[in-house]
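Undergrad: Give me a model of this one.
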Amino acid sequence: MKSDTWKILLVALVAGTLGLVAAFAVNGPGPLLRTEIGQRLLQTALSRSAPKPPPGTEVAQRGELVPILSLTGLNGRQIQLPSAYAGRPLLINFWASWCGPCVKEMPELQRFSVEQASNGVQVVGIALDDVDAVRDFLTRVQVTYPILLDSPGPADTGVRLGNPKGVLPYSVLISADGRLLKQRIGPFADGEVTSWAKP
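TA: Here you go, the predicted model:
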């Protein structure tokens with residue numbers, strides 16, 4: 001009897017595993033990646049396989065204060081994050097003009113930014129791109145939230161905020177007191193930012 005029970009359990013386990021593999025093959029990991037558990041698993045996997053950042057590069061950890069990030073705006077002025085928006089939660093979205101999923105999610109980020117107005121979560125885009133390409137792109141796709149610039153590399157602001165592989169789009173949520181609350185690899189679907197950005 002025990003032998004039959006173990007065989008049934010083994011067959012059920014194999015069937016369940018094959019079902020998950022088939023679901024990922026047909027639908028991709030989308031549903032899992034839209035959960036906090038899925039994002040944490042992906043973050044862990046990418047961190048383990050990524051090269052170490054250069055010595056002296058401070059990388060933020062969940063729940064801890066983020067390092068001061070000094071970036072340039074499109075107007076050439078230096079902005080320091082998160083202090084430029086101290087007292088407000090901050091959603092930072094990393095993107096590039098050549099990144100299709102980044103472009104696709106921008107209307108959702110714009111909608112959320114307008115919804116939050118001047119009292120809610122401040123949305124900031126950081127373009128890991130060439131300044132001329134960003135300016136050209138923004139003439140075609142209008143956003144009203146601030147756009148800052150950085151050059152992609154082993155110690156860029158995305159890496160410093162926990163994206164060691166430089167996957168785009170990448171978003172983080174920072175608390176009003178400057179702590180890293182959430183990380184997200186991949187684009188937001190329509191209507192998804194509002195629930196994700198709740199601290």
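
Undergrad: Mind telling me what element the nearest residue to Ala127 once chain neighbours are set aside is part of?
TA: In this structure, Ala127 finds its nearest non-sequential neighbour in Val134, 4.6 Å apart by C-beta to C-beta, 6 or more residues apart in numbering. C-beta: built from backbone N, CA, C; applies to glycine. Assessed by DSSP states H and E, Val134 sits inside helix 131-140.

Undergrad: Just the CA trace of that helix, in CSV.
TA: Output of helix 131-140 as CSV, limited to C-alpha atoms (Å, rounded to 0.1, in the frame of the first residue of the first chain):
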residue,chain,number,x,y,z
VAL,A,131,20.8,62.7,-24.3
ASP,A,132,19.9,63.5,-27.9
ALA,A,133,18.0,60.2,-28.3
VAL,A,134,16.0,61.0,-25.1
ARG,A,135,15.2,64.5,-26.3
ASP,A,136,14.1,63.3,-29.7
PHE,A,137,12.0,60.5,-28.1
LEU,A,138,10.3,63.0,-25.7
THR,A,139,9.1,65.1,-28.6
ARG,A,140,7.0,62.1,-29.7
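
Undergrad: Can you identify the element that follows that helix toward the C-terminus?
TA: Following helix 131-140 in sequence, per DSSP H and E, is strand 147-150.

Undergrad: quick one: contacts of that following strand?
TA: 71-74, 79, 81, 124-129, 131, 134, 138, 156-158 (C-beta atoms under 8 Å, 6 or more residues apart in numbering).

Undergrad: go with 10 Å
TA: Residues outside strand 147-150 that contact it (C-beta atoms under 10 Å, 6 or more residues apart in numbering) are 69-74, 76-79, 81, 84, 92-95, 124-131, 134-135, 137-138, 156-160.

Undergrad: helix, strand or coil for Glu108?
TA: When classified by DSSP: H, G, I helix; E, B strand; the rest coil, Glu108 comes out as helix.
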